[in-house]
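# What shape does this take:
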Amino acid sequence: MTKQDFNEEIEWSIQILKSGGTILYPTDTIWGIGCDATNPKAVQKVYNIKQRSESKSLIVLVDSFDKIAHYVKKIPDVAYDLVKNINTPVTIIYSGARNLAYNVIAADGTIAIRVVRDEFCQELIGRFGKPIVSSSANASGDDTPLFFNSISKGIINIVDYTVAIDHEKVNSTKPSTIIRLHENGEFLIIRP
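Next up is the predicted model:
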């Protein structure tokens, strides 16, 4: 893929996100269904596509650790060390979520955030200027697709845009490790 093709995919994706639409896109873990994490109508579309209860919260992606402070009230000191020192993708659940769509925040006021390392995701989120939702590209309860060709046609046909990058790539990465972080700095590994 050329740099021009890469940039065109970023621009198309941003147009869809700005219009409140949904995208199917490669992440630093698995293919995801995404939208603007600050737009409640767009977030609802992701829940509908996945046939998922709103009681099961979604993951939000940011392009740098510094951006997290805008979306949570207080970041425990250990958070930076966890993000910096864990070599695989890690999603951290923070207390005190703010500045996000109400329906992306869990009932207890927490939010799951991952700082992405993937070039496409970093560029997309950086240029879009807001966090995006990331939820696995499958209906709730179905197997998680590890590569593009294992995503169901039903999912592909219902999203507003499918990114034309990495369709041939077989991703051996599993979904991210999920860690719940408490304000006192204690943490619990939810999904290794």
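# how about the helices in this structure?
3-18, 40-50, 78-85, 119-128, 153-158 (DSSP state H).
# So which bits of stretch 8-20 are buried?
9-10, 13-14, 16-17, 20 (16 or more other Cβ atoms under 10 Å). For the C-beta atoms, the positions are set from N, CA and C on the backbone; glycine is no exception.
# mind listing the strands in the chain by residue range?
Assigned by DSSP state E, the strands in the chain fall at 23-26, 31-34, 59-62, 90-94, 111-115, 132-136, 161-162, 177-181, 187-191.
# Of those strands, give the one that comes closest to residue 43.
Among the strands of the chain, strand 132-136 comes nearest to residue 43, with 6.2 Å by Cβ to Cβ.
# Could you tell me how far the closest one lies from the centre of the chain?
3 Å (Cα atoms, centre = their mean, to the nearest Å).
# hey, which helix or strand in the protein has the poorest pLDDT?
Least confident element among the helices and strands of the chain, by mean pLDDT, DSSP states H and E: strand 187-191 (a mean of 80).
# Just the residues contacting it, thanks.
Contacts with strand 187-191, where a contact means Cβ atoms under 8 Å, 6 or more residues apart in numbering, come from 78, 82, 93, 175-182.
# Buried among the residues you listed? Need that as a selection in PyMOL.
Burial among those is assessed by 16+ other Cβ under 10 Å; the matching PyMOL selection reads:
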select buried, resi 78+93+175+176+177+178+179+180+181
